[in-house]
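Peer 1: Quick one, what's the 3D model for this:
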Amino acid sequence: MATGTLYTYPDNFRAQKILIAAKYSDAKITVVQDPPQFKFGETNKTKEFLSKFPLGKVPAFESSNGICLTESNAIAYFVANEQLRGNDVAAQSRVQMYMNFADNDILPAACNWVFPTLGIMQYNKTNTEQAKGDIKKALEYLNGALKTQTFLVRERISLADIAVACNLLILYKNVLEPQFRAPYTNVNRWFNTMLNQPEFKAVLGEVQLCTKMAQFDAKKFAELSGKGDKKKDDKKESKKEKKAEKPKAEEKAASEAPPAPKKDPFADLPEPSMDLDAFKRCYSNRDTLTVSVPYFWEHFDKEQYSIWKCEYKYPEELKKSFMSCNLINGMFQRLDRIRKHSFAVCIIFGKDNDSTISGIWFWRGHNLIFERSEDWQVDSESYNFTKLDVDAPATKKMVAEYFACEGEFDGKKVLDYKIFK
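Peer 2: Model (predicted):
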């Protein structure tokens, strides 16, 4: 039975699965989440905290025998019992599969859909519709998995059920209205079973399911962010005006024309000379500064590839670091089709409620890669991209720092980072 201290902040959804797992295993967990004992953004930046948890992330867990862990899935696994983890390798593997599914397939889409309705993220129609589609796909998958079984892994509750249910919670509470969730009868049955378990109730309390799908409230967002998003609104209005001015005859002709076959966006470029997959394998498995960066410059073809720096245009929107991580994850998901032609490191600098996002990209071609397809322009418009001189010493230094996610960065402190590879 695990014992120890969990450092977090109030209502941290990532901590819920840890605390529920602890209830099942009778683990004795002391939660430290309120000032003056713990203040997120300050306590987790202190020298004492960083000596135990160098990345400053929360939830963070210190066991009674001195084991220090971050990453909510790892902590949940540590405080769980054998039943929750799985009794054999096959069950354990399936538990890990569903926990990864919860974080990689459900959570980013859930945040992109729900956060704008809570006023903590700017609304983007394309992103929201994409998120709805991703959630439908996830629910269909779960509905099939639960068609012939009560729980996700065999016939007892496991960490798989806990992780997936916790990541679905924000959806069921805010946007999965009865009509939307009606087709997923097996998921609904299973989710309600989870909510009625004593261990879940002890952590979550009584959960009220959504009766009407929450919508974006521009006024709420403006109040929470401190000011409205005038730049984006002006841009949207400009686009609307241009569309309104388009002659009706032209619109009719366009609507009646047969869809043009999609061509390869990179058809105008020669076959790539750089083995991008080989570089990505090197980057993933070897030391960054001593091996991966030299490998990059040795194989980089400046005639076929270009290097760019990006800066997020609206830092005033950025609140919690996990929201910024979800913002970047969402962009990476929607750009999946350019993954084999590009590589990027995006870093969140600063601290919660006072942060920026910037990154280094390289890709095939010497123009903005996003201009090659309208489908790739959803997120790029929120960033300023600057093409770098690949022969300049400053570029060499910048590439090394960003690839390693450590360096001077003009005095900015790394809060978190995401890799597109």
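Peer 1: Averaged pLDDT, stretch 374-388. What do you get?
Peer 2: Averaged over stretch 374-388, pLDDT sits at 87.
Peer 1: Quick one: residues in contact with it.
Peer 2: Outside of stretch 374-388, the residues within contact range by CB atoms under 8 Å, 6 or more residues apart in numbering are 124, 126-127, 130, 235, 306-314, 330-331, 334-335, 337-338, 361, 366, 368-371, 395, 398. Placement of C-beta: from N, CA and C, glycine included.
Peer 1: now with 7 Å?
Peer 2: Counting by CB atoms under 7 Å, 6 or more residues apart in numbering, stretch 374-388 makes contact with 126-127, 306-314, 331, 334-335, 338, 368, 370, 395, all of which sit outside it.
Peer 1: Val99: what's its closest spatial neighbour, skipping adjacent residues?
Peer 2: Not Val; residue 99 is Met. Distances taken as CB to CB, 6 or more residues apart in numbering place Ala163 nearest to Met99, at 4.4 Å, with adjacent residues excluded.
Peer 1: Name the spans of the stretch 151-300 of the chain whose pLDDT lies under the cut-off.
Peer 2: Along the stretch 151-300 of the chain, segments meeting pLDDT under 70 span 225-262.
Peer 1: rerun that using 80 as the cut-off
Peer 2: Flagging of the stretch 151-300 of the chain using pLDDT under 80 yields the residue ranges 217-263.
Peer 1: do the stretch 301-421 of the chain as well
Peer 2: Scanning the stretch 301-421 of the chain for pLDDT under 80 picks out 374-375, 378.
Peer 1: And the helices in it?
Peer 2: 321-334, 377-380, 393-404 (DSSP state H, counting those that start in this stretch).
Peer 1: same check, this time on the stretch 1-150 of the chain
Peer 2: Using DSSP H, counting those that start in this stretch, the helices of the stretch 1-150 of the chain run over 13-25, 47-52, 72-79, 82-85, 89-101, 107-118, 125-145.
Peer 1: Can I get these in JSON lines including distance to Arg181, mean pLDDT and mean neighbour count?
Peer 2: Formatted as JSON lines, the entries for the helices of the stretch 1-150 of the chain read as follows, by distance: least, CB to CB, whole Å; pLDDT from 0 to 100; neighbours: other CB atoms under 10 Å:
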{"stretch": "helix 13-25", "distance to Arg181": "19", "mean pLDDT": "95", "mean neighbour count": "24"}
{"stretch": "helix 47-52", "distance to Arg181": "40", "mean pLDDT": "95", "mean neighbour count": "11"}
{"stretch": "helix 72-79", "distance to Arg181": "25", "mean pLDDT": "96", "mean neighbour count": "22"}
{"stretch": "helix 82-85", "distance to Arg181": "26", "mean pLDDT": "94", "mean neighbour count": "17"}
{"stretch": "helix 89-101", "distance to Arg181": "19", "mean pLDDT": "95", "mean neighbour count": "16"}
{"stretch": "helix 107-118", "distance to Arg181": "13", "mean pLDDT": "92", "mean neighbour count": "23"}
{"stretch": "helix 125-145", "distance to Arg181": "8", "mean pLDDT": "94", "mean neighbour count": "17"}
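Peer 1: returning to that earlier point: any of the contacts of stretch 374-388 buried? List them.
Peer 2: Listed as buried from the contacts of stretch 374-388 are 127, 306-310, 312, 331, 334-335, 338, 368, 370; burial here means 16 or more other CB atoms under 10 Å.
Peer 1: What is the nearest of those to Asp416?
Peer 2: Within the buried ones among the contacts of stretch 374-388, the smallest distance to Asp416 is 13.4 Å, found for Tyr312 (CB to CB).
Peer 1: Next, the contact list for the nearest residue to that closest one once chain neighbours are set aside, please.
Peer 2: Nearest non-adjacent residue to Tyr312, counting by CB to CB, 6+ apart: Ile357, 3.9 Å away. Residues counted as contacts of Ile357 (CB under 7 Å, 6+ apart) are 312, 318, 324, 328, 346, 348.
Peer 1: and the gap between the residue nearest to the spatial centre of the chain and Gln333?
Peer 2: When the chain is reduced to its mean C-alpha position, the closest residue under CA atoms, centre = their mean turns out to be Asn326, at 2.9 Å. As for Asn326, its distance to Gln333 is 10 Å (criterion: CB to CB, to the nearest Å).
Peer 1: what's the answer for Lys351, then?
Peer 2: Using CB to CB, we find Lys351 at a distance of 26 Å from Gln333.
Peer 1: Leu6 - how many residues pack around it?
Peer 2: The criterion is other CB atoms under 10 Å. On that basis, Leu6 has 24 neighbouring residues.
Peer 1: Is it correct that it is in contact with Ser63?
Peer 2: No. With contact defined as CB atoms under 7 Å, Leu6 and Ser63 do not form a contacting pair (10.2 Å).
Peer 1: mind listing the strands for the protein?
Peer 2: Listed in chain order, the strands of the chain (DSSP state E) span residues 3-7, 28-32, 60-63, 68-70, 305-312, 342-351, 354-364, 383-387, 414-420.
Peer 1: would you list these in JSON lines and tack on distance to Ala102?
Peer 2: Supplementary listing: the strands of the chain in JSON lines, determined by distance: least, CB to CB, whole Å:
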{"stretch": "strand 3-7", "distance to Ala102": "19"}
{"stretch": "strand 28-32", "distance to Ala102": "21"}
{"stretch": "strand 60-63", "distance to Ala102": "19"}
{"stretch": "strand 68-70", "distance to Ala102": "18"}
{"stretch": "strand 305-312", "distance to Ala102": "27"}
{"stretch": "strand 342-351", "distance to Ala102": "22"}
{"stretch": "strand 354-364", "distance to Ala102": "25"}
{"stretch": "strand 383-387", "distance to Ala102": "28"}
{"stretch": "strand 414-420", "distance to Ala102": "18"}
